[in-house]
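Q: Here is a sequence with its predicted model. Questions after.
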Amino acid sequence: MPVYKYQAINKEGIIVKGEIEAFNLEEFLNYLSREGLIPLKYRTKISFVEDYFKRIKRKDLAEFCHNLAFLISAGVPIVSALQDLKDTIVNPLLKRKTEKIIVEIFKGNPLSEAFKAAKIFPPIVISLVKIGEETGRLDKTLEEASKHLYRIEEIVSQTKRAMIYPIFVILSISGALLFWLIYVLPKILNIFKQMQIKLPLLTVILIKFVETFQKYYYIFLITPVLLIFSLILLYKLPKTQAKIEKVLLNLPFIGFVKRSSFLAFFFEYFSLLLASGIEILRSFDIMHESLNTQLPKQIVLRIKNQVLAGFLMSEALKKEKIFSPFDIRLVSVGEQTGKLPEQMKILSEHYFNKVQNLIQTISKVLEPAIIAIAGIIFLIIVIALIGPIYELVSQLGKM
């Protein structure tokens, strides 16, 4: 869809600038007319490249929904509320998308359809807005959508923080080891080679390794980069992504983080959707659309098929290894008591707290282990360096 960038004069005689998505020139000029703007100049521009780099953060969408809910609850008409919000938005892409939403409403579309046309909101938000329109509780469902987006943002950011620390420590230690291999050890070991002494086996091995590293350093440096790049490329492909995710789930630390994050996300979605009155099969569809990776999509689809076949949700969960007996027990109790959304909320809180606790204890758990591994590596290097010195001192003592 074309994006029109314009300069115009408003009712107060002030020159304003802006951007608007419109199907054609007529729609663009109609928008300016409704806003009371007299165009001075305009041009169309290619937006997809800019849109790729200028992302709208989930936190910005959450704030947008919260502010819109507040204005609607105060009795402000939807179009006026959106126009007020547009003037306060800093993100240029979100500002343009807000103008797009206003245009869609002027065309006679409901807010849910306008949100869908903007292509920035996840399916769950659009579904909640649609329910709000049908029940007359639009302000309440928008606020629920806002809380959900904030919650998901927190889960995602907590997961990223859990992964950043060990990666940073491993990279730091790798950098220190490279410095030794490139600058320190070659000079020291060269001195040992010039000495007329018998070198210990560990020192000989270290010399051979350093010489090999210096000779084929590009292989040592490029191989890990190519390996990581290949894994990322394979992870992007739908056919191999699920297999890689299964491997990651079985890893000691990464698997725990990914499992807890997915389950927090899964139960958070279902508690909100079911509490909002969306029937369970539609909830599966919405969640399937919202997930970004293949393995969770496959899990959700398999559970949905089991429910379609007549099984209870708790029975369907038993067939997926990712769910624990604790999860299944709480879901089963929720089904029996008619309080499934509440039980889902408890499970969401449980796994969210697990990720939070992991963030708080990660340094205490991983730091000693990583330091111990680094210590062993450098201890071997030190022993290999001390051996020749001890041998030289022994020979001098005999003289």
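A: Nice, thanks for sending it over.
Q: State the distance from His26 to Tyr4.
A: Let me fix one detail, which is that residue 26 is Glu and not His. 11 Å (Cβ to Cβ, to the nearest Å). The C-beta positions use only the backbone N, C-alpha and C, and glycine is treated the same way.
Q: Name the residue in those two with the higher neighbour count.
A: Tyr4 (23 against 9; other Cβ atoms under 10 Å).
Q: and the more buried one, bridged to which residues?
A: Beta-bridge partners of Tyr4, counted by DSSP bridges, are Ile20, Thr44.
Q: roughly how far is stretch 282-302 from the heart of the chain?
A: 16 Å (Cα atoms, centre = their mean, to the nearest Å).
Q: If you could redo that for stretch 193-210, that was the one I meant.
A: Taking mean C-alpha positions (Cα atoms, centre = their mean), stretch 193-210 and its chain are 48 Å apart.
Q: Can you give me the buried ones in it?
A: Leu199, Pro200, Leu202, Thr203, Val204, Leu206, Ile207, Val210 (16 or more other Cβ atoms under 10 Å).
Q: Give me the nearest residue to Ala176, chain neighbours excluded.
A: Leaving aside its chain neighbours, Ala176 sits nearest to Ala374 (7.8 Å; criterion: Cβ to Cβ, 6 or more residues apart in numbering).
Q: how far away is the one you found from Val382?
A: Distance from Ala374 to Val382, by Cβ to Cβ: 12 Å.
Q: Look at those two and report which has more neighbours.
A: Under the criterion of other Cβ under 10 Å, the comparison of Ala374 against Val382 puts Ala374 first, with 17 against 10.
Q: that older thread, which of the buried residues of stretch 193-210 sits closest to Gly13?
A: Val210 (75.2 Å; Cβ to Cβ).
Q: Pull the distance from the helix or strand hosting the closest one to the chain's centre.
A: Taking DSSP states H and E as the definition, one finds Val210 inside helix 201-215. Computed by Cα atoms, centre = their mean, the chain-centroid distance of helix 201-215 equals 42 Å.
Q: and if you look at stretch 33-41?
A: Per Cα atoms, centre = their mean, the centroid offset for stretch 33-41 relative to its chain is 40 Å.
Q: With just CA atoms, put that stretch into PDB.
A: Once non-C-alpha atoms are left out, stretch 33-41 reads as follows in PDB (Å, rounded to 0.1, in the frame of the first residue of the first chain):
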ATOM      1  CA  SER A  33      -9.900  17.100   4.300                       C
ATOM      2  CA  ARG A  34     -11.400  15.400   7.300                       C
ATOM      3  CA  GLU A  35      -8.400  16.500   9.400                       C
ATOM      4  CA  GLY A  36      -8.900  20.100   8.300                       C
ATOM      5  CA  LEU A  37      -5.500  20.200   6.500                       C
ATOM      6  CA  ILE A  38      -4.700  22.000   3.300                       C
ATOM      7  CA  PRO A  39      -1.900  20.200   1.400                       C
ATOM      8  CA  LEU A  40       1.100  22.100   0.400                       C
ATOM      9  CA  LYS A  41       3.200  19.300  -1.100                       C
END
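Q: what's that stretch in contact with?
A: Contacts to stretch 33-41, defined as Cβ atoms under 8 Å, 6 or more residues apart in numbering, come from residues Tyr6, Gln7, Ala8, Ile9, Asn10, Lys11, Ile15, Val16, Leu29, Leu32, Gln83, Phe106.
Q: Around the residue nearest to the last one when sequence neighbours are not counted, how many other residues sit close by?
A: Ranked by Cβ to Cβ, 6+ apart and with sequence neighbours excluded, the top spatial neighbour of Phe106 is Arg34, at 6.3 Å. Arg34 is surrounded by 13 other residues when neighbours are defined as other Cβ under 10 Å.
Q: What of the one 10 residues further on?
A: Taking other Cβ under 10 Å as the neighbour definition, Thr44 ends up with a count of 12.
Q: And it, how close does it get to Ile120?
A: For Thr44 relative to Ile120 (Cβ to Cβ), the value is 21 Å.
Q: Quick check: which element contains the residue nearest to Ala176?
A: helix 340-398.
Q: Ok, Lys198 next?
A: Going by DSSP H and E, Lys198 is not part of any helix or strand.
Q: could you measure Ala309 against Leu178, distance?
A: Relative to Leu178, and taking Cβ to Cβ, Ala309 is found at 56 Å.
Q: of these two, who's got more company?
A: Taking other Cβ under 10 Å, Ala309 and Leu178 do not tie; Leu178 has more neighbours (14 against 9).
Q: Which helix or strand contains the residue nearest the centre of the chain?
A: The centroid of the chain falls nearest to Val156 when counting by Cα atoms, centre = their mean (5.0 Å). Element membership for Val156, per DSSP H and E: helix 138-179.
Q: returning to that earlier point: hmm, the residue nearest to Ala176 is touching Ile173, no?
A: Yes. Counting by Cβ atoms under 8 Å, Ile173 is a contact partner of Ala374 at 4.7 Å.
Q: Lys318 reaches Ile328, doesn't it?
A: Yes. Lys318 is within contact range of Ile328, at 5.7 Å (criterion: Cβ under 8 Å).
Q: before we move on, back to that, give me the contacts around the next helix or strand after the helix holding Val210.
A: Remark: after helix 201-215, the chain's next helix or strand is helix 217-236, criterion DSSP H and E. Helix 217-236 is contacted by residues Ile182, Phe213, Thr240, Gln241, Ile244 when judged by Cβ under 8 Å, 6+ apart.
Q: Same check on stretch 255-266?
A: 152, 155-156, 158-159, 162-163, 245, 248-249, 287, 296, 300, 322-323, 327, 347-348, 351-352, 354-355, 358.
Q: again, 6 Å this time
A: Residues outside stretch 255-266 that contact it (Cβ atoms under 6 Å, 6 or more residues apart in numbering): Ile155, Thr159, Ala162, Leu248, Leu249, Pro296, Ser348, Tyr351, Phe352, Lys354, Val355.
Q: Contacts only, for the second one.
A: Contacts here follow Cβ under 6 Å, 6+ apart; on that basis Thr159 touches Val257, Ser261.
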